[in-house]
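Peer 1: everything below, folded, please.
(one chain, ligands or ions: 1)
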Amino acid sequence: MNYKNFQYPLETEYLSLAEQLKNEMLINHLKNNTTEINTTDLNDLIVMAKSSFIPNLFDMAIRLEKVDAAVCSFKLGMYGLCADCEEEIEYSDLEQDPAQPRCQSCREHSRYHHV
Ligand SMILES: [Zn+2]
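Peer 2: Presented below is the predicted three-dimensional model:
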């Protein structure tokens, strides 16, 4: 399976999301200035954004986390494999969302269990 064409869009989305998140955190005064934000680890910013409960910021952080995981899985050579069962994720699902971390059956499964 060739996943190469998903890598660039994911990396691009990752970088632009990281910028958006930083801007949004400045606007919401979670950090005082750009220097402070750029010296903070991005993972810490994500945690902070999630615990802020500002809806916009929360969604951005969740998405960034998901995209980050997908970008990392490329580096590990694990891209396209389900995070739960390690089976291949349906190609059409990756076309819809290249950051999709789970196969269809695991998504069904977790949906069923979370209802
Ligand atoms: Zn699965």
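Peer 1: make it CA atoms for all contacts and neighbour counts henceforth
Peer 2: Noted.
Peer 1: which residues of the chain lie near the ion?
Peer 2: C82, C85, C103, C106 (C-alpha under 5 Å from the ion).
Peer 1: go again using 8 Å as the cut-off
Peer 2: Proximity of the chain to the ion (C-alpha under 8 Å from the ion) is limited to residues 81-89, 102-107.
Peer 1: only whichever of these are buried, select them in PyMOL.
Peer 2: Only the buried entries of those go into this PyMOL selection, using 16 or more other C-alpha atoms under 10 Å:
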select buried, resi 81+82+83+88+89+102+103+106
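Peer 1: centre-most residue in this protein?
Peer 2: K66 (2.1 Å; C-alpha atoms, centre = their mean).
Peer 1: mean confidence score for the lengthiest helix in the chain?
Peer 2: What stands out as the longest helix in the chain, according to DSSP state H, is helix 4-27. Mean pLDDT, helix 4-27: 96.
Peer 1: next, the buried residues of it.
Peer 2: 6-7, 10-11, 13-14, 17-18, 20-26.
Peer 1: hmm, who's touching it?
Peer 2: Where contact means C-alpha atoms under 8 Å, 6 or more residues apart in numbering, the residues beyond helix 4-27 that reach it are 31-34, 37, 42, 45, 49, 57, 60-61, 64, 67-68, 70-71, 74, 95, 98-99.
Peer 1: before we move on, what about stretch 71-87?
Peer 2: 3, 7, 10-11, 14, 70, 88-89, 94, 101-103, 106.
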